[in-house]
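**Student:** Below are the sequence and a predicted model for it; my questions follow.
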Amino acid sequence: MKVFRYTLKDDLLYPDEHGEVLVFTDGWQVTARIGDREITPRFHLSSGERLLLDRLKLLSKMTGVEVDPLPALAYPGKSRVLMLSKLMGAAFEEYVYLVLSSRFSVSRRPEIYTSLPKLSGRSSHNTPDLIVEGRVPVEAKVSFYNYQQILEYSIKYPVGALTLPFSEQCRVPPGWRCFTNLTKDRAPLLSWLDEVLLG
């Protein structure tokens, strides 16, 4: 459980380490209290946070994956942006999983090899978001993605896919494919996977 302090102004909660409102988060449960009285939390959002929340709502509407942003909004400051981004990533990954598992056998976050960061002194990426039919990794990213991570996966899997919900720039290693705008058109990804898995 996490506890944050807020100040109530004009029915909105503003982060304040000396505030009288305590906001408790426990998993997906959020409770706000002033003394013994429970209140409905409504958080003040910066323009950047509002934009991110609107994008999350759009993603939810386009994919049909329901999300409750309240637990992410309970976090103050930069943590709120991080939590909203994580929630958006989880929602998109769930959508990609549902799309793929309706047609293929899909495993989530399989460890493709044992990571030994303590021995090598550097971390490595060894769990792609999804593996289709045990052969093709599919990464589901909502905005920023780590090219080095994709490159490490391409050593074990010369063919794979990076999926993005909206129209964005994408760069992948040779043998891998980018699929943007997946929320609008999933047919190219599915037909590509059919070709790869039959070949």
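**Tutor:** Okay, I see it.

**Student:** drop to CA atoms for contacts and neighbour counts, all remaining ones
**Tutor:** Fine.

**Student:** Return the residues in contact with the residue nearest to the spatial centre of the chain.
**Tutor:** Most central residue of the chain, judged by C-alpha distance to the mean C-alpha position with Cα atoms, centre = their mean, is Gly89 at 1.2 Å. Going by Cα atoms under 8 Å, 6 or more residues apart in numbering, Gly89 touches Ala140, Lys141, Val142.

**Student:** And for Val136?
**Tutor:** Per Cα under 8 Å, 6+ apart, neighbours of Val136: Tyr157, Val159, Gly160, Ala161.

**Student:** With secondary structure, neighbour count and pLDDT as new columns, can the residues you listed be given to me in a markdown table?
**Tutor:** What follows is the contacts of Val136, written out as a markdown table (DSSP: H, G, I helix; E, B strand; the rest coil; neighbours: other Cα atoms under 10 Å; pLDDT from 0 to 100):
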| residue | secondary structure | neighbour count | pLDDT |
| --- | --- | --- | --- |
| Tyr157 | coil | 16 | 93 |
| Val159 | coil | 18 | 97 |
| Gly160 | strand | 24 | 97 |
| Ala161 | strand | 24 | 97 |
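
**Student:** and the gap between Ile39 and Thr31?
**Tutor:** 8 Å (Cα to Cα, to the nearest Å).

**Student:** ok, these two, which is more surrounded?
**Tutor:** Thr31 (17 against 13; other Cα atoms under 10 Å).

**Student:** Give me the helix or strand of the chain that scores worst on average pLDDT.
**Tutor:** helix 117-120 (a mean of 50; mean pLDDT, DSSP states H and E).

**Student:** Arg177 is in contact with Gly160, correct?
**Tutor:** Yes: applying Cα atoms under 8 Å as the test, Gly160 and Arg177 come out as touching, 6.4 Å apart.
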